[in-house]
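Visitor: fold the following and give me the result.
(one chain, ligands or ions: 1)
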Amino acid sequence: MTRLTRADLDALPAYVPGKAIPGAIKLASNEVPYGPLPGVVEALTAAITDVHRYPDMGVVALREALSRKTGTAEERIITGCGSVALAEHLVRATCLPGDEVLYSWRSFEAYPIIAASAGATSVRVPNTDKHAHDLRAMAAAVTDRTRLIFVCNPNNPTGTALRTAELDDFLAAVPENVLVVLDEAYREFVTDPDVPDGLRTYGDRPNVVVLRTLSKAWGLAGLRIGYLVAQPEVAGNVRKVVTPFSTSMVAQAAALAALKAEDEMTRRAGLVVKERDRLLKAVREFSPDTPETQANFVWLPLGDRAMAFGQACEEQRVIVRPFAGDGVRVTVGTEEENDAFLEAAAKAL
Ligand code: PMP
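Guide: Predicted coordinates:
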């Protein structure tokens, strides 16, 4: 048969979304369980009457709000169809075919897909035996072809977080012509004061981009919206490769409303953190190697038992996220949901 798509994509693993089964408890996609923030539904209802028009491609009002929130200039902020799309734009803006994208593994499963789709070569550096990024090995893996490094902090799916001192050393070791993307999708759940806020601590470095999302703590996963903060020169060229109009009108309206409900977001993140700490303690009873987590999920390094454990939970109507041969990621849900998971886990083991 005539080939119409790239042969190298045949072997590329597809993105696996967390399963949603009607009536089952879903702890598979790192969502927050409390519904949309106050004001969001009203903002969506108001925005819906204008959907025959294109959205504001400059995303002016929302970028203004994000600028106020983050204390960075509007020209440095770009929004996109989820932070995953922005990650893709960053690779597109930095890599030519054959260039290298570096990241730790295991980490966010979209990184290999994004690198491959740009024709870039993935360079994966194994996590430490404590399931954290090995920053020394990552710095040592930089070559003349490295154009971009993803640093996921806290790391999905292990929950581990890098401290300021380690990141300082790492950033000092990375050449200035390599873009370092600090992916902080779970920043709002961080409670350890030694884990830096990438924007505040590294936002002014020329080769650092900070990636944030409104999908997790801000409760807008279904609307697909994230943002990045980069230096103006970087932002200028990234903006050129953004898919036009990819931040929808409803996403812009909802994000503006969500940002106004920051206090409630913080309160809910606090509830998640409280449950996270309880869940972590309980999980360590049967999975003692589960690492400390700073995100809204816990990692069970069950190795070859991961898929069977995931399946057994699913049979009890609790959906978690297993990664074959490696481990299981469990999103922190409500108290009742977490109890249901712990019960299912006890039977699954
Ligand atoms: N980065 C990380 C580390 C993630 O875990 C996720 C979501 N799973 C994303 C980015 C993408 O989130 P979104 O596209 O919904 O903003």
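Visitor: can you tell me the average pLDDT over stretch 186-199?
Guide: For stretch 186-199, mean pLDDT rounds to 98.
Visitor: now whatever residue of the chain ends up closest to the ligand. Nearest residue, chain neighbours left out?
Guide: Closest approach of the chain to the ligand (C-beta to the nearest ligand atom) occurs at residue 82, with a separation of 2.5 Å. Where C-beta positions appear, they are placed from N, C-alpha and C, glycine not excepted. Excluding the flanking residues, the one nearest residue 82 by C-beta to C-beta, 6 or more residues apart in numbering is residue 224, at 4.4 Å.
Visitor: contacts only, for the closest residue to residue 92 other than its chain neighbours.
Guide: Computed as C-beta to C-beta, 6+ apart, the closest residue to residue 92 that is not its neighbour in sequence is residue 241, at 4.7 Å. Residue 241 makes contacts with 89, 92-93, as judged by C-beta atoms under 8 Å, 6 or more residues apart in numbering.
Visitor: burial check on residue 88, number of neighbours?
Guide: Here the count is done by other C-beta atoms under 10 Å, and residue 88 has 22 residues near it.
Visitor: export the helix or strand where it lies to CSV, keeping only CA atoms.
Guide: Following DSSP states H and E, one finds residue 88 within helix 83-94. The C-alpha trace of helix 83-94 is given here as CSV (Å, rounded to 0.1, in the frame of the first residue of the first chain):
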residue,chain,number,x,y,z
SER,A,83,-0.8,23.4,28.3
VAL,A,84,-0.2,20.3,26.3
ALA,A,85,-0.8,22.3,23.1
LEU,A,86,1.6,24.9,24.3
ALA,A,87,4.2,22.3,25.0
GLU,A,88,3.8,21.3,21.3
HIS,A,89,4.1,24.9,20.2
LEU,A,90,7.3,25.2,22.2
VAL,A,91,8.9,22.2,20.5
ARG,A,92,7.7,23.4,17.1
ALA,A,93,9.3,26.7,17.8
THR,A,94,12.7,25.3,18.9
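Visitor: and residue 147, what element?
Guide: Counting by DSSP H and E, residue 147 is part of strand 146-152.
Visitor: paired strands for that strand, with orientation please.
Guide: Here strand 146-152 is paired, per DSSP bridges, with strand 100-105 (parallel), strand 179-183 (parallel).
Visitor: just say helix, strand or coil for the most centrally placed residue in the chain.
Guide: Geometric centre of the chain, nearest residue: residue 185, 3.8 Å, by C-alpha atoms, centre = their mean. Recorded secondary structure, residue 185: coil (DSSP: H, G, I helix; E, B strand; the rest coil).
Visitor: test my guess that it contacts residue 156.
Guide: Yes: assessed by C-beta atoms under 8 Å, residue 185 is found in contact with residue 156 at 6.8 Å.
Visitor: quickly list what's touching both of the two.
Guide: Common neighbours of residue 185 and residue 156 (criterion: C-beta under 8 Å, 6+ apart): 30, 108.
Visitor: mind listing what's buried along stretch 126-141?
Guide: Buried residues in stretch 126-141, counted by 16 or more other C-beta atoms under 10 Å: 127-128, 131-135, 138-139, 141.
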